[in-house]
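>>> with the sequence up front, the predicted model follows.
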Amino acid sequence: DSGVTQTPKHLITATGQRVTLRCSPRSGDLSVYWYQQSLDQGLQFLIQYYNGEERAKGNILERFSAQQFPDLHSELNLSSLELGDSALYFCASSVGSGGGNEQFFGPGTRLTVL
Amino acid sequence: GENVEQHPSTLSVQEGDSAVIKCTYSDSASNYFPWYKQELGKRPQLIIDIRSNVGEKKDQRIAVTLNKTAKHFSLHITETQPEDSAVYFCAASIQGGGNKLTFGTGTQLKVEL
């Protein structure tokens, strides 16, 4: 157990819908990261927050947005869902924000878009 | 941006043999190279990492080597056991601008009895 929690574990929804994935970092960690893992794209970095502020951005779609709240938990919002958004979404956390900070991954949320 | 290539995509070894997985990266500004192990349907777990000021690091049966000049790093697992069977990912992080990890495409390691 990494100490990073994610809810829900599974999510099944239809195309065009909107969902929210939630992540709580390890105690003491200020950075939260979101990654998408799909069969054809592998593990892809989406976005990083540090202490409530956006720190780095990857190839995150405009239909996706995220935020980190004052209690440091983070939410990833996915809207206008398409079949291709079906994937495992991982949250990770680290103490600091810079390169070289060890990232610890949560158990993931498996999203299925039908 | 950074690009990480990983080889081989699948690797089958006999129990007790060694396994080597190789990665190359493109951006010379990368300075942190973790390796993750992922079992089916589970989260990636950090097994070892190396920073650019170190050439080699060892932890029991696992070692990682880094060649900054050639921009490649490798994972070595000795005395493999069936529980080592999993997908292994290498990754690289560029200095500055956050802590984004760019992952390789993964190596499916199978340790056969």
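All right, it came through fine.
>>> pick out the residue of chain A closest to chain B.
The minimum distance from chain A to chain B, using CB to the nearest CB, falls at residue A:56 (2.8 Å). Using the backbone N, CA and C atoms, a C-beta is placed for each residue, glycine as well.
>>> residue contacts, the residue in chain B that chain A sits nearest to?
Nearest residue of chain B to chain A, counting by CB to the nearest CB: residue B:98, 2.8 Å away. The neighbours of residue B:98, taking CB atoms under 8 Å, 6 or more residues apart in numbering or on different chains as the test, are A:48, A:50, A:55, A:56, A:97, A:98, A:99.
>>> need the nearest residue in space to it, chain neighbours excluded.
Once flanking residues are discounted, residue B:98 sits nearest to residue A:56: 2.8 Å by CB to CB, 6 or more residues apart in numbering or on different chains.
>>> tell me how many other residues crowd the one you found.
Close neighbours of residue A:56, defined as other CB atoms under 10 Å in any protein chain shown, add up to 20.
>>> report the beta-bridge partners for it.
Beta bridges link residue A:56 to residue A:48, judged by DSSP bridges.
>>> for it, what are its contacts?
Contacts of residue A:56 (CB under 8 Å, 6+ apart): A:45, A:47, A:48, B:97, B:98, B:99, B:100.
>>> try residue A:13
A:19, A:81, A:111, A:112, A:113, A:114.
>>> so the first one sits right up against residue A:78, yeah?
Yes: the pair residue A:19 and residue A:78 qualifies as a contact (CB atoms under 8 Å) at a distance of 5.3 Å.
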